[in-house]
Every structure is written in structure tokens, then in C-alpha cells.
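> Have a look at this fold, sequence not included:
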Ligand SMILES: NC(=O)c1ccc[n+]([C@@H]2O[C@H](COP(=O)([O-])OP(=O)(O)OC[C@H]3O[C@@H](n4cnc5c(N)ncnc54)[C@H](O)[C@@H]3O)[C@@H](O)[C@H]2O)c1
Ligand SMILES: O=C(O)C(=O)C[C@@H](O)[C@H](O)[C@H](O)COP(=O)(O)O
Ligand SMILES: [Zn+2]
């Protein structure tokens with residue numbers, strides 16, 4: 001199946017099984033060189049992906065980068081630039097990002113910055129990467145001060161989601177990816193929540209059609225959300241636009257940093273979503289049922305919904321550097337009903353503290 005992302009540079013997200021051979025179509029004609037940037041956990045997939053490209057006469061560089069968030073550093077970025085430079089990589093050549101969201105975020109940023117922008121194709125190998133990170137053109141790295149603080153909007157030329165790749169994922173990584181899927185349920189498509197609540201076992205089973213359906217539904221939400229607001233500057237007529245996809249991320253990113261990136265991204269945003277649900281309740285925007293539904297849906301698929309009480313001062317500090325912050329005003333994505341996201345600026349620190357108290361176990 002193919003989902004078209006209708007931005008100013010439209011591209012396809014191809015979803016299915018046994019798709020490796022299709023990478024050549026997404027790379028497209030005109031390239032002489034391809035660089036496959038991959039995580040160590042998918043080294044065998046990099047070798048397999050190389051074959052159809054090399055068979056077509058392309059010169060292929062395979063660049064293995066450190067695992068997970070350790071790839072999202074300026075040192076790794078510079079190392080990738082070095083390899084591309086030595087390979088004589090030109091503007092008609094193509095970067096392929098193969099791995100989870102951390103790897104595709106890095107690979108996309110390499111492509112965005114090399115020669116001020118070359119074509120790139122994402123081949124995500126995690127649930128999270130397929131449903132979220134590989135689609136939409138947010139690329140970047142972390143800095144010592146926080147998550148994704150340096151980056152660029154640079155859209156992929158295509159995304160290849162081979163569901164077979166998920167078979168080697170740990171259950172923890174599958175659950176982490178489901179957090180972004182559940183997010184799509186709360187901000188846009190409640191049928192996702194119905195599916196997860198009806199069949200949580202299917203939702204967490206990489207061989208199940210339920211998970212495949214959930215991934216397709218999540219990608220559809222992401223594609224529809226980014227199409228009108230690629231650069232996160234707001235949707236038409238003052239609509240929230242792309243910032244909706246940041247639901248749960250303000251606190252979530254702060255928790256990731258606080259944990260030295262040992263917690264999974266989806267785990268942190270799971271806690272972050274319950275926090276903003278509590279904040280929305282405190283603001284009188286949603287009732288108890290919708291807050292309870294957050295905890296229930298996330299816990300049903302084994303995600304955490306609470307974090308340490310003593311971390312609050314550091315988390316509040318980290319949230320000040322969130323990209324949604326304007327001046328000294330923190331801004332949060334909240335719901336004012338199911339599938340109705342909006343932004344609220346919050347200057348009342350005791351209100352934030354009390355919402356946090358409700359998620360600190
Ligand atoms: N750009 C975006 O729009 C966007 C959206 C969501 C998340 N993100 C970013 O994505 C990252 C999270 O993505 P993630 O959860 O995929 O993390 P990840 O890239 O760290 O991958 C998680 C782990 O799974 C391993 N792995 C990957 N594929 C595997 C496979 N097929 N089999 C076995 N192991 C495999 C990785 O090596 C890693 O250890 C974060 O950095 C987050 O900020 C970006
Ligand atoms: O695509 C988006 O827009 C998102 O916000 C998706 C998020 O799931 C993702 O984690 C993203 O990387 C967060 O972006 P950031 O700008 O808050 O770093
Ligand atoms: Zn995310």
C-alpha cells in the first residue's frame with residue numbers, strides 16, 4: 001500500500017512486507033552514488049539493501065553510526081560529512097537512512113546540510129520510525145542542553161516501511177512506538193484508540209494485522225497533519241497545524257534528557273501525554289473520563305504513566321528550551337476534547353506543578 005504525503009514536494013510512504021527491492025524506485029534516476037546511514041542493530045539489512053542498488057550500477061557507501069541517541073550528535077554528523085566528502089558526493093546523489101527514528105533524524109540532517117541539501121530516502125525499521133520519525137521532514141540532532149535543538153525541515157523523497165523489519169524489535173521498542181500511535185488517536189483519529197483498547201495483544205504483536213493497521217492509521221494522521229504546515233508555523237486560519245504532533249513532548253523531551261536518553265522516546269512521551277491531560281483537566285478543558293482514558297490506553301500496552309516527583313525543578317528548566325516556548329512563556333499542546341488539540345500558553349507555575357504532582361508516583 002502507498003500513502004501520498006501531499007506537501008509542496010509530494011512523496012510516497014510505501015507500507016508492506018518484503019519491500020527491500022523497491023528502494024531503487026525511491027532513490028530514483030540520476031544518482032551515481034548512494035550513502036546508506038544505518039544503526040548497528042540493522043547491519044544485515046544494510047547489506048541486503050545495498051544489493052539492489054549496487055546491482056543497478058550505483059556506488060554505495062555504507063556508514064554505520066552509533067546506536068540510538070548516540071547517533072544524534074555533532075561529532076557523528078561531522079563524521080558523515082567526512083565520508084560524503086571523501087566519496088565525492090554531489091547534489092544528484094542520495095542519502096538513505098536505515099534504522100529507528102534516531103538514525104533517520106541524523107541521516108535526514110546529513111542530507112539537509114550536505115551541499116545545502118541532497119535527496120534522501122528513509123527506510124525506518126522501528127514502529128516509531130515508521131509511524132512518525134521517517135515521515136514529515138523534521139531532521140536533527142541533540143545538544144548538551146536538550147533534545148532536537150539543532151535541525152532542519154528537509155523532506156524525504158520517499159519512505160519505505162517494510163513491516164518484516166519489525167520482527168527483530170524488542171517488545172519494549174514496539175511499546176515505545178505505540179505511544180506515538182496512541183498520540184495520533186488522541187489528537188486526530190479516535191478509531192486508533194478503539195483498536196488498541198479492543199485488542200492490546202494484537203497491537204503489540206509484530207506479526208499481527210492489528211499492528212499493521214495501526215501503523216497505517218498513524219502514518220495517515222502524520223501525513224495529513226504535516227501537509228498544511230511543514231515548517232510548524234501554524235495551520236490555515238489560525239489552526240494548530242503541526243504543533244499538534246508535539247502532544248506529550250514538552251515534558252517528554254525533558255524526561256528523556258533527565259534520564260540521559262536511557263528511557264525510550266515513546267515511554268517519555270507517554271508520561272508527557274498524561275501530564276498534559278492532567279493540565280487540560282485543571283484548565284477545565286476536559287473531564288475525568290478523557291484523562292482516565294489516557295492512563296488506561298497507555299497502560300494497556302505496557303507504557304509508563306508516572307515519573308519521579310523529585311525531578312520537577314530540572315524538568316521545568318529543560319521545558320523552557322522547548323521549541324514551542326516563546327520568550328519566558330511555556331506553551332503546551334492540550335486537548336479541549338477528543339481529537340481536538342489546541343495550544344495553551346501557561347505562565348502559572350503552581351498550576352504546572354500541580355499537574356505534575358498527578359503524574360509523579
Ligand atoms: N523526526 C521526527 O518527526 C520524529 C518523530 C518521532 C521521533 N523522532 C525521534 O526518533 C527517535 C526515536 O525513534 P526510535 O524509537 O525508533 O529510536 P531508535 O532509533 O533509538 O531505535 C530504537 C532501538 O531499536 C533498535 N532497532 C532499530 N531497528 C531495529 C530492528 N529492526 N530490530 C532490532 N532493533 C532495532 C535501534 O538500534 C535502537 O537501539 C528519537 O530520537 C526521537 O526524537 C523523530
Ligand atoms: O513531526 C512533528 O512535528 C512532531 O512533533 C513529531 C514528534 O513525535 C517528534 O518526536 C519530533 O521530533 C518532535 O519535534 P521537536 O521539534 O519537538 O523536537
Ligand atoms: Zn515523538
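That came in fine, so what should we check first? Everything numeric here is computed off the predicted structure, so don't read it as measured data. Ligands and ions are numbered 1, 2, ... in the order given.

> all strands in the stretch 101-250 of the chain, in order from the N-terminus.
For the stretch 101-250 of the chain, applying DSSP state E, counting those that start in this stretch gives strands covering 119-124, 138-143, 146-153, 158-162.

> can you list these in CSV and add distance to ligand 1 and mean neighbour count?
C-beta: built from backbone N, CA, C; applies to glycine. Output for the strands of the stretch 101-250 of the chain, formatted as CSV (distance: least, C-beta to the nearest ligand atom, whole Å; neighbours: other C-beta atoms under 10 Å):
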stretch, distance to ligand 1, mean neighbour count
strand 119-124, 7, 29
strand 138-143, 4, 22
strand 146-153, 6, 18
strand 158-162, 9, 26
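
> interface residues of this protein facing ligand 1?
39, 41-42, 67-69, 72, 99-103, 105, 125-126, 128-129, 132-133, 136, 138, 148, 165, 168-169, 173, 176, 265 (C-beta under 6 Å from any ligand atom).

> Residue 248: what's it in contact with?
Contact analysis of residue 248 by C-beta atoms under 8 Å, 6 or more residues apart in numbering lists 179, 183, 269-276, 333.

> mind putting those residues in a markdown table, secondary structure, distance to ligand 2 and neighbour count included?
Below are these laid out as a markdown table (DSSP: H, G, I helix; E, B strand; the rest coil; distance: C-beta to the nearest ligand atom, whole Å; neighbours: other C-beta atoms under 10 Å):
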| residue | secondary structure | distance to ligand 2 | neighbour count |
| --- | --- | --- | --- |
| 179 | helix | 9 | 28 |
| 183 | helix | 7 | 31 |
| 269 | helix | 7 | 30 |
| 270 | helix | 12 | 34 |
| 271 | helix | 14 | 24 |
| 272 | helix | 10 | 29 |
| 273 | helix | 11 | 29 |
| 274 | helix | 16 | 25 |
| 275 | helix | 15 | 30 |
| 276 | helix | 13 | 29 |
| 333 | strand | 9 | 25 |
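
> now, which of those sits nearest residue 113?
Checking those against residue 113 with C-beta to C-beta, the nearest one is residue 269 at 26.5 Å.

> want to throw the strands of the stretch 101-250 of the chain into a markdown table with distance to residue 284 and mean pLDDT?
Formatted as a markdown table, the strands of the stretch 101-250 of the chain follow (distance: least, C-beta to C-beta, whole Å; pLDDT from 0 to 100):
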| stretch | distance to residue 284 | mean pLDDT |
| --- | --- | --- |
| strand 119-124 | 39 | 98 |
| strand 138-143 | 32 | 98 |
| strand 146-153 | 30 | 96 |
| strand 158-162 | 40 | 98 |
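
> pLDDT score for the residue nearest to the spatial centre of the chain?
With distances taken as C-alpha atoms, centre = their mean, residue 133 lies nearest the centre of the chain, 3.1 Å away. On pLDDT, residue 133 comes in at 98.

> Tell me who's in contact with the spatially closest residue to residue 196 that is not a sequence neighbour.
Leaving out its chain neighbours, the residue that sits closest to residue 196 by C-beta to C-beta, 6 or more residues apart in numbering is residue 203, at 4.9 Å. Counting by C-beta under 8 Å, 6+ apart, residue 203 touches 178, 181, 195-196, 210-211, 214, 301.

> quick check, nearest of the residues you listed to ligand 2?
residue 181 (10.8 Å; C-beta to the nearest ligand atom).

> Which pLDDT value belongs to residue 237?
On pLDDT, residue 237 comes in at 86.

> Could you do residue 50 as well?
pLDDT, residue 50: 97.

> so where does the closest residue to it other than its chain neighbours fall, helix or strand?
Distance criterion C-beta to C-beta, 6+ apart; nearest residue to residue 50, sequence neighbours excluded, is residue 60 at 4.9 Å. Taking DSSP states H and E as the criterion, residue 60 maps to strand 59-64.

> likewise residue 77?
Residue 77 belongs to helix 74-87, assigned by DSSP H and E.

> gap between the helix or strand following that helix and the chain center?
Using DSSP H and E, the helix or strand that follows helix 74-87 in sequence is strand 94-99. With C-alpha atoms, centre = their mean, to the nearest Å as the basis, strand 94-99 stands 16 Å off its chain's centre.

> Check which helices and strands strand 94-99 is in contact with.
Contact here means 3 or more C-beta pairs under 8 Å, 6 or more residues apart in numbering; DSSP states H and E; on that basis strand 94-99 packs against helix 23-27, strand 33-38, helix 43-55, helix 101-113, strand 119-124.

> can you list the residues of the stretch 101-250 of the chain near ligand 2?
With the criterion set to C-beta under 6 Å from any ligand atom, the stretch 101-250 of the chain comes near ligand 2 through 132, 136, 138, 147-148, 180, 242, 245-246, 249.

> Residue 6: which of these is nearest?
Nearest to residue 6 among those, with distances taken as C-beta to C-beta, is residue 136, at 12.2 Å.

> was I right about the closest one contacting residue 5?
Yes. Assessed by C-beta atoms under 8 Å, residue 136 is found in contact with residue 5 at 7.5 Å.

> what sits in contact with each of the two?
Shared contacts of residue 136 and residue 5 (C-beta under 8 Å, 6+ apart): 155, 223, 226.

> Buried ones among these?
155, 223, 226 (16 or more other C-beta atoms under 10 Å).

> just the residues you listed now: which is nearest residue 343?
Distance ranking of those against residue 343, using C-beta to C-beta, places residue 226 first at 16.8 Å.

> give me every residue that touches the closest one.
So residue 226 contacts 5, 7, 135-137, 242, 245 (C-beta under 8 Å, 6+ apart).
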